[in-house]
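# Sequence below, structure please.
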Amino acid sequence: YPFWIMVVVSLLLWYVLELTPLGRQIYATGGNPRAAALTGVRTSRVLLYALITSGIVAAGAGLLETSQLSAGDPTIGPGFLLPVIAAVFLGSTQFRGGRFNIWGTVVAAYVLAVGVKGLQLAGLPVWTPDLFNGAALLLAVGLAAWRRTPTTSRAAILRYLRIRPAVSADGAP
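Predicted coordinates:
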């Protein structure tokens, strides 16, 4: 059941984020809250709704985990933090260059889970999954930084010079 619940929640969140005005407002608020506010988006309301939604999704995930463990364990959460961050950043580099998205996160979570399970089945030490997830996070951040266009003034000048054709002193190309 957890897989099907994840598929349903992912479909619902994908629909809201990609196909509704609320999703565009969420992306605008996340990208630049001040610019979103200047265009008429109520950023405080968007942030509140996003926080409530993420709390509901996290509570559902906690209920599913508790039902699988058949007991409450307050120390289980920090172990999921590194894989979740690695999956989100790796997912943002897979489908949409640097833009966080639902399906990229789902695919990246499964890639990381298969990698970790493979390392565990190979009989490697207990700390190896953390190393694998950390390396994936570094790879994702490196890919995101490498794919992003440089924003320094030197890079902007070089980009401007490459676009414009060379002109001689008398104005002839």
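# Please make it C-alpha for all contacts and neighbour counts, starting now.
Will do.
# Which residue ranges of this structure form helices?
2-19, 21-31, 33-38, 43-69, 78-94, 102-121, 128-147, 153-163 (DSSP state H).
# how about those helices in TSV, adding mean neighbour count and mean pLDDT?
Output for the helices of the chain, formatted as TSV (neighbours: other CA atoms under 10 Å; pLDDT from 0 to 100):
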stretch	mean neighbour count	mean pLDDT
helix 2-19	13	90
helix 21-31	17	89
helix 33-38	15	90
helix 43-69	13	90
helix 78-94	19	82
helix 102-121	17	88
helix 128-147	16	82
helix 153-163	11	64
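# how about stretch 65-72 as PDB, C-alpha atoms only?
As requested, the backbone C-alpha atoms of stretch 65-72 are provided in PDB (Å, rounded to 0.1, in the frame of the first residue of the first chain):
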ATOM      1  CA  GLU A  65       6.200   4.200   8.800                       C
ATOM      2  CA  THR A  66       4.800   3.700  12.200                       C
ATOM      3  CA  SER A  67       2.300   1.100  10.900                       C
ATOM      4  CA  GLN A  68       5.200  -0.800   9.200                       C
ATOM      5  CA  LEU A  69       7.300  -0.700  12.400                       C
ATOM      6  CA  SER A  70       4.200  -1.500  14.600                       C
ATOM      7  CA  ALA A  71       5.600   0.800  17.200                       C
ATOM      8  CA  GLY A  72       6.400   4.500  17.700                       C
END
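# Could you check how far that stretch is from the centre of its chain?
Between the centre of stretch 65-72 and the centre of its chain there are 27 Å (CA atoms, centre = their mean, to the nearest Å).
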